[in-house]
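*Asks:* Dropping the sequence and predicted coords here.
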Amino acid sequence: MKRLQVSSSKGLNLTSDKAKSALKDEATKSNTKKFSPFLSLESSIKDPKLQVFKNDRFVCIKDKYPKAKAHYLLIPHGDAFPKLIRVADLIKLNNCVDILNELKSLSDKIVEENFPCDVKSKAICGFHSIQSMQPLHMHIISKDFESDCLKNRKHWNSFNTKYFIRLDELIECLKKERDYFENDFFNLNNENVLKSYLDLPLKCNICNIVQKNMPSLKRHLLTHK
DNA sequence: GTTCTAGAAC
DNA sequence: GTTCTAGAAC
């Protein structure tokens, strides 16, 4: 047995770069298993300075790095839900449309009670199609995108391309599609497509004119005030 | 998710 | 020389 193992590892050493890269891939996989690729929102959720609403099913917090004048996160929370990380986790639940409708009515309340008057009518709600942080959270953000925390192309495109899955569109889609994953309307199963949205040109969300870089986009946005 | 910074772009 | 981006580290 021992001799067999020795000879097999010797075999690997002698083989091509392919084998080495396969080994490397295995190492990467096991690291991914050990360390969650998602950062945690838990400390923000518990932070009383950030929390604006809580009941037994949902919690709402101010985004720690707001990308607009108003920016909140609404999070399914508590024993009523299994562990939700990705949008796909939510879609797989039998009662997902009910949950999304709950998010919708709660978000109206959050906007009414927390958004400054000048942006109350300019709220958009939705999910990033690839999460960086867990648990699953829905963004409630004002369309002005006037914020020092909005710094780069990925920030902008994560809210202003198909990378951002609008709550209303998701609800409509799920009502129509008997099995969402047959058609995968939002490309949730195609990470490469989703990531490519983040590199798109910087198109103004009001007039669609493309700006060459972030500083010029930010200056341009102010002209729509 | 953010911060930092090398080097590309201007 | 300055501005801006993008990738590594966290």
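*Replies:* The structure has been received and is ready for your questions.

*Asks:* Tell me which residue of chain A lies closest to DNA strand C.
*Replies:* A:Asn213 (3.0 Å; C-beta to the nearest atom of the strand). Bear in mind the C-beta positions are built from the backbone N, C-alpha and C, glycine included.

*Asks:* Burial check on that residue, number of neighbours?
*Replies:* Per other C-beta atoms under 10 Å, the neighbour tally for A:Asn213 reads 10.

*Asks:* tell me the pLDDT at it?
*Replies:* Confidence at A:Asn213, expressed as pLDDT, is 98.

*Asks:* Now the phi/psi pair for it, please.
*Replies:* A:Asn213 adopts backbone torsions of phi -150, psi 180, taken as degrees, to the nearest 10.

*Asks:* Go ahead and confirm it touches A:Leu202.
*Replies:* Yes - using C-beta atoms under 8 Å, A:Asn213 is in contact with A:Leu202, at 7.1 Å.

*Asks:* Would you mind listing what in chain A touches DNA strand C?
*Replies:* By the rule C-beta under 7 Å from any atom of the strand, the part of chain A lying against DNA strand C is A:Asn152, A:Arg153, A:Asn213, A:Met214, A:Pro215, A:Ser216.

*Asks:* Among these, name the buried ones.
*Replies:* The neighbour count (16 or more other C-beta atoms under 10 Å) marks nothing among these as buried.

*Asks:* Reformat those residues as a markdown table; add secondary structure.
*Replies:* Shown next, in a markdown table, are those (DSSP: H, G, I helix; E, B strand; the rest coil):
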| residue | secondary structure |
| --- | --- |
| A:Asn152 | coil |
| A:Arg153 | helix |
| A:Asn213 | coil |
| A:Met214 | helix |
| A:Pro215 | helix |
| A:Ser216 | helix |
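
*Asks:* Identify, from the residues you listed, the entry nearest to DNA strand B.
*Replies:* Comparing the residues of chain A next to DNA strand C against DNA strand B with C-beta to the nearest atom of the strand places A:Asn152 closest, at 7.4 Å.

*Asks:* Not including adjacent chain positions, what is the nearest residue to that closest one?
*Replies:* A:Met214 (6.0 Å; C-beta to C-beta, 6 or more residues apart in numbering).

*Asks:* Next up, the contacts around the residue of chain A closest to DNA strand C.
*Replies:* Counting by C-beta atoms under 8 Å, 6 or more residues apart in numbering, A:Asn213 touches A:Leu202.

*Asks:* for the record, mean pLDDT for the helix or strand where A:Ile165 lies?
*Replies:* According to DSSP states H and E, A:Ile165 maps onto strand A:164-166. Strand A:164-166 shows a mean pLDDT of 98 in the predicted model.

*Asks:* same question, stretch A:103-123
*Replies:* For stretch A:103-123, the per-residue pLDDT averages 98.

*Asks:* Need the residues that contact that stretch.
*Replies:* Contacting residues not belonging to stretch A:103-123 are listed as A:52-53, A:58, A:60, A:68-70, A:72, A:74, A:76, A:125, A:138, A:140-144, A:167-168, A:171 [C-beta under 8 Å, 6+ apart].

*Asks:* quick one, helices of chain A?
*Replies:* Secondary structure of chain A (DSSP state H): helices located at A:2-14, A:17-34, A:42-46, A:87-91, A:96-114, A:153-160, A:167-176, A:180-183, A:191-197, A:214-222.

*Asks:* Does anything pack onto the third one? Which helices or strands?
*Replies:* The elements that helix A:42-46 packs onto, with contact taken as 3 or more C-beta pairs under 8 Å, 6 or more residues apart in numbering; DSSP states H and E, are strand A:58-62.
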